[in-house]
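Trainee: sequence? don't have it. structure:
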């Protein structure tokens, strides 16, 4: 029961951060677990998804920060190459809404393969892989904003 109370406390902290910073939505991912808190029409936060067993609170030395560090170390050991956004804009995984994805997990890419489009100031910018290998992770979400330098894909180089 104490673990449940700690998770509720952590959730309340997230909601307070949302209120303090006037955020509309917060999404936190740790491994396969994810929580999404979104402000509802009433202006009050609404929990959109809380998978069972989400390790949101620390137990001993396991914290979200160390989990992220461990994941980064695992990626480094795999020698994965990150394809990062070269500009701020909106990420599109398809050339049009009714088209197939440019790439998905398992897709083979080379340096000239277009992996996505980033729309910035009404200009559609094709982003190329600039690496040869296989897509192992699609990090960005179709139709959502991305920042300069944000990881879009991870590739296992050949």
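Mentor: That came through, no problem. Not measured: the values here are computed from a predicted model.
Trainee: quick check: mean pLDDT across the helix ranked longest in the chain?
Mentor: Ranked by residue count, the top helix of the chain under DSSP state H comes out as helix 2-20. Average pLDDT, helix 2-20: 74.
Trainee: List the buried residues in that helix.
Mentor: Applying a neighbour-count criterion of 16 or more other C-beta atoms under 10 Å, one finds 7, 10-11, 14-15, 18 buried in helix 2-20. C-beta here means a position set from N, CA and C on the backbone, and glycine is covered the same way.
Trainee: For residue 139, state which of these is nearest.
Mentor: Checking the buried residues of helix 2-20 against residue 139 with C-beta to C-beta, the nearest one is residue 14 at 21.2 Å.
Trainee: Bridged to residue 116, which residues?
Mentor: residue 127 (DSSP bridges).
Trainee: Could you chop this structure up by domain?
Mentor: 2-78, 81-157 (automatic domain parsing).
Trainee: low-scoring stretches of this protein, by residue?
Mentor: For the chain, applying pLDDT under 70 flags the ranges 1-5, 30-34, 39-78.
Trainee: mind redoing it with 50?
Mentor: Confidence mapping of the chain against pLDDT under 50 gives the ranges 46-63.
Trainee: Quick check: neighbours of whichever helix or strand comes after the longest helix of the chain in the sheet, parallel or antiparallel?
Mentor: For helix 2-20, the succeeding helix or strand toward the C-terminus, using DSSP states H and E, is strand 25-30. Take DSSP bridges as the rule and strand 25-30 pairs in its sheet with strand 33-39 (antiparallel).
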